[in-house]
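>>> Provided below are the primary sequence and the corresponding predicted coordinates.
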Amino acid sequence: MENGSGNGTTAEGAVVGRLMAAKRQSGKNYSQIAAETGLTNVYVAQLLRRQAQLKSGTADALRAAIPALTDDLVAEMMAPPFRSFRPDLVHEPAVYRLNEAVMHFGESIKEIINEEFGDGIMSAIDFYCSVDKVKGVDGKDRVVVTFDGKYLPFSEQKSEHMVSKLKH
């Protein structure tokens, strides 16, 4: 799945391919790059897949962690990405199981959010995600996926608050 960026364009896929090649050349995994840059491992993957925008304050740290990043690749990474996903990716077993878990537990998670916070949602914009490997109580490897999103309450929709309805 190394050539897919989400929007399906050949040019974007080529950029992602070059970014993945630079990562491979570094000999580092996402968690190692994350440790060197101060980012989460998932965010590093998002950057290299052109699903997140590289900020100027992070560019030097990422270049230090992945020396093969060229000026043109860094410039591409600093442009706003086309965030999407490949529909066929849902069939990939790990992605399918993640979707299945969210769908299975989603209603319960939503109810707990409502109990703990009120009527609202978890942001996927002001959002952090990481994947960690831990040993379970039985000694077997376990995957820990952390979703850390800002709580966003739903607003009561009063006409007096609609800026577009205000008369100037």
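Received, thanks.

>>> Enumerate the positions of whichever strand or helix holds residue 104 that are buried.
Per DSSP states H and E, residue 104 falls inside helix 93-117. In terms of neighbour count (16 or more other C-beta atoms under 10 Å), helix 93-117 has its buried residues at residue 113. For every residue, glycine as well, the C-beta is placed using N, CA and C.

>>> Can you get me a residue count around the residue nearest to residue 78 when sequence neighbours are not counted?
Excluding its sequence neighbours, the residue lying closest to residue 78 (C-beta to C-beta, 6 or more residues apart in numbering) is residue 54, at 5.0 Å. For residue 54, the count of nearby residues is 23 (other C-beta atoms under 10 Å).

>>> for residue 54, what are its contacts?
47, 62, 74, 77-78 (C-beta atoms under 8 Å, 6 or more residues apart in numbering).

>>> Could you check the helix or strand harbouring residue 57 and say which residues are buried?
Residue 57 belongs to helix 56-65 when assigned by DSSP H and E. For helix 56-65, burial by neighbour count (16+ other C-beta under 10 Å) applies to 58-59, 62-63, 65.

>>> could you point out which element follows it?
helix 71-78.

>>> Good, wrapping up.
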